[in-house]
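In: Structure for the following, please:
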Amino acid sequence: MDPKHNDASSAAGGGAAAIPGGESDESEGNTPITPKPSVDYYDYGVYDEAATSNVTAATNGSVAVNEVDVVSNNLRTEEEDTGANGSACEDSAADLIYDNEDAAATQPGVMFIAGPDYTGAGIFTGYHSASDEDVENQTLNHINENETLVEAYTVPDDDEKAEIIDDLQEQLGSARQELEVARSQLTAPVVEGVPVGDDKGLTKKRSTLSLFVLFLGVVAVVVGVSVSISKGSDENGEDNPPEDAVQVFPPVLEDLQERKVLRCGTHKYEGFGFSFTSNITNEREGIEVDLCKAIAAAALGSSYRYELVPTVTATSRFVNLASGDYDVLIAATTHTFDRDVHESSSGVGFSFSTPYLYGGMTFNGVPEFVKCADNLSVIKECANIRICSQLGTTWYDITTKLFPASNIVITNEQGESIQSLIEGKCNVIQGEQYEAPESVVRASGYEGPYAQGGNHFTKEPLAMVTRDGDPEFAQFVNAVFQSLLDAEKANITMATAVSFAQTGETFGDEYKDMYKNALAAVGNYGEIYAKHLESISPRRKVNMINDGKTGLLYSHPFGKADTIGPGPIKNGIIENILERGFLRCGIPPGNELSVGLDMELCRAIAGSILQRGPDDVSFKRVSASHENISQALESGDIDVYAGGVFDTKSDTTRSGLSFSSTYFYETESGNSTDSKAITLGSQDADAQWTDLVYWIVMATTYAEENGITQMTSNKMPLVNLFGVGLERLFRDAILAVGNYDEMYRRVFGQNATRVGRNTLNVSPFGPQHHPLPKLSG
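Out: All right, here's what the predicted structure looks like:
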């Protein structure tokens, strides 16, 4: 299973054995194919068992079963078909795409869903500006082959670099000493099944610790950047981070067997159904608390113990997790591209579970100003709008792009935002349907008029978060949540938990009853939701179990995609591909149609990295067993495997595999409720590579959701999370193969009908929760 991004049940679709047919159905959310005026679609040819090339000759066939190398044909233009000598790069695809650009500036990773009363101009999705286009055209059309454009900056000399590094390392050492002193003072007892007490002394110590941790994180990031400067850049102009920049912790499951206490980072505010103090029991309760209990029970058995560590601010929660203050973060945290790859406050990436809640940000508060916010207006009668926005959240990120700073009041937590509304410091607050309903705001003491906005300005898939580098625990956390979904689907409750399935060999015999223990501790997902959230926000369709009749292709937001991350890691898979000049892609045995979409996704990855189109791929047949796939990946015979089946009974943790989001759901035996989840597989040891693979799949769905096609690929956002040399990552992926629907129709035919889970899940959203196959069956 996927230890890095455990939401294979909620993403994009791809090539398995099912062969759709019939008429196209635009009501299913399909984007009509727009013919290109002077360029044929990419023609990838047919399989030829005798086909060879210099590229495929370089691959090792020792692992492949029934191996046949399949090499993509080059991009064909009409001029090439007629024997003309024009350049495909200069005269066809690139120029056409730039010529057809829409000049409207847009924002990355945002889905704006207008309500019935919306009258404003709206916001766009994607990212593009006319000035960027002009510069990019000039660069493409006029740069010489051997020239490299670099951004001018001043580089300190060796003495200055050494002085900077010595100074920062001295500060880092002092911060570490202070941190150890603060940690030694945390002596609060941990009680079975009950969180740590909230006495003032402990709160003060945790606040002090958090300040030290925040300082430590900032200094560590600066030291990492400085050291990387001193070490120089690689051939591609990217700075590589030092190998010791990330703190290493023992595997959590192993550590838990000695510590016997699971530490969960949760909300510290009250009254939202997530983590609050019960008036009846005087204990912390909520959906986040129950998820913590479920993981603790699964890991430690029926006599489980857990500690709730309140997150100080939305920003410091990532620094605290990276610093080891808790094992898992369960604090209404949205899964985004930047947090996955290179979260800015901590300087590292994280692993995310399948989302446990899906929502979207709305504006709420005084009705007339809520209307102003919905219409994105700050003039005339809306001039006095003041929006309380929580720093360090996706809400804040999008609000700063929609409104002037003078209309934004910064807060550190949602409770502070509500209090500011009560005190008149702001007239609009933000939140999802769970976090700002009228009942909660009234209970906090607000007595004025109140309304919730009709427009959703973000997509918020809320997930549990763990540290990178511990794929087994990340997988364990996800498997526990999947079991709660599967129990609801099978109508197994807390009272009947003993009837739930054992895990088999996935995590070892010592965890064979992990699902039963988790379910016995908190109940199934439906029970948890009803207990904590139903009275606040009735369960919407998007948070229900998908029965196979509606779509599951749903992209996650990109977040701060312009954050500059490290370049390809030294000797990592991305660097190897760049040096080699082509991608090695494993595919399962089968005919061309059955693996067509698998191959399309590989071409998208090749195009995104190599920036030369989709033809730089060598395909190898590899038997579909996880053992063979893992061996082929580990030996370097392949970089990625397309067409892997993702389920919870496969021994994927021990085989070192990480799976992307699902890109195709293959229904078996006419049963629409169960289906195989087809994904891309990669090595979990290279988190940077698994991130890239995961988000390229997401990008094809995002492109279709936002109407971005192969012809308009420059509407995809520029991203810097893999370094400035790969800023066109998404644009070049879509330039290579188009959006998901374009790939699908190229494989299955222009008139193919997409049905069920292989369609988009867009507003009004249908059920998005999908228990992975083979958990309790």
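In: which residue ranges form the helices in the stretch 201-350 of the chain?
Out: Ranges of helices within the stretch 201-350 of the chain are 252-259, 287-300, 316-322, 337-341, based on DSSP state H, counting those that start in this stretch.
In: before we move on, what about the stretch 601-750 of the chain?
Out: In the stretch 601-750 of the chain, the helices defined using DSSP H, counting those that start in this stretch lie at 626-635, 652-655, 687-705, 729-737, 740-748.
In: Partner strands of the longest strand along the chain and their direction?
Out: Counting residues, the longest strand found in the chain (DSSP state E) is strand 671-683. Note on strand 671-683: by DSSP bridges, its sheet partners are strand 640-645 (antiparallel), strand 657-659 (antiparallel), strand 664-668 (antiparallel).
In: May I have it exported as CSV, CA atoms only?
Out: The C-alpha coordinates for strand 671-683 follow below in CSV (Å, rounded to 0.1, in the frame of the first residue of the first chain):
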residue,chain,number,x,y,z
ASN,A,671,-20.2,-5.8,-9.1
SER,A,672,-20.3,-2.0,-9.0
THR,A,673,-19.5,-1.8,-5.3
ASP,A,674,-16.1,-3.5,-5.5
SER,A,675,-13.3,-2.7,-7.9
LYS,A,676,-9.6,-3.0,-8.4
ALA,A,677,-7.7,0.3,-7.8
ILE,A,678,-5.1,0.7,-10.6
THR,A,679,-2.1,2.9,-9.7
LEU,A,680,1.5,3.8,-10.4
GLY,A,681,4.0,2.0,-8.1
SER,A,682,7.4,3.4,-7.1
GLN,A,683,10.1,2.8,-4.4
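In: Using JSON lines, lay out the helices of the stretch 201-350 of the chain together with mean neighbour count.
Out: (Glycine included, C-beta is placed from N, CA and C.) Shown next, in JSON lines, are the helices of the stretch 201-350 of the chain (neighbours: other CB atoms under 10 Å):
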{"stretch": "helix 252-259", "mean neighbour count": "16"}
{"stretch": "helix 287-300", "mean neighbour count": "26"}
{"stretch": "helix 316-322", "mean neighbour count": "25"}
{"stretch": "helix 337-341", "mean neighbour count": "26"}
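In: Looking at those helices, which is nearest to residue 636?
Out: Comparison of the helices of the stretch 201-350 of the chain against residue 636 by CB to CB identifies helix 337-341 as nearest, at 23.1 Å.
In: who does that closest one touch, helix- and strand-wise?
Out: For helix 337-341, the elements it packs on are strand 350-353, helix 687-705, judged by 3 or more CB pairs under 8 Å, 6 or more residues apart in numbering; DSSP states H and E.
In: Dump the ones you listed into TSV; add distance to residue 422 and mean pLDDT as well.
Out: Listed next are the helices and strands packed on helix 337-341 as TSV, based on distance: least, CB to CB, whole Å; pLDDT from 0 to 100:
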stretch	distance to residue 422	mean pLDDT
strand 350-353	34	96
helix 687-705	38	97
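In: Any chance of a markdown table for these, columns mean neighbour count and distance to residue 610?
Out: Listed next are the helices and strands packed on helix 337-341 as a markdown table, based on neighbours: other CB atoms under 10 Å; distance: least, CB to CB, whole Å:
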| stretch | mean neighbour count | distance to residue 610 |
| --- | --- | --- |
| strand 350-353 | 28 | 27 |
| helix 687-705 | 27 | 12 |
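In: Looking at the ones you listed, which is nearest to residue 609?
Out: Closest among the helices and strands packed on helix 337-341, using CB to CB: helix 687-705, at 7.5 Å.
In: Residue 621 is in contact with residue 585, isn't it?
Out: No. Under the criterion of CB atoms under 8 Å, residue 621 makes no contact with residue 585, lying 10.7 Å away.
In: neighbour count winner among those two?
Out: Neighbour count, other CB atoms under 10 Å: between residue 621 and residue 585, residue 585 has more, with 27 against 21.
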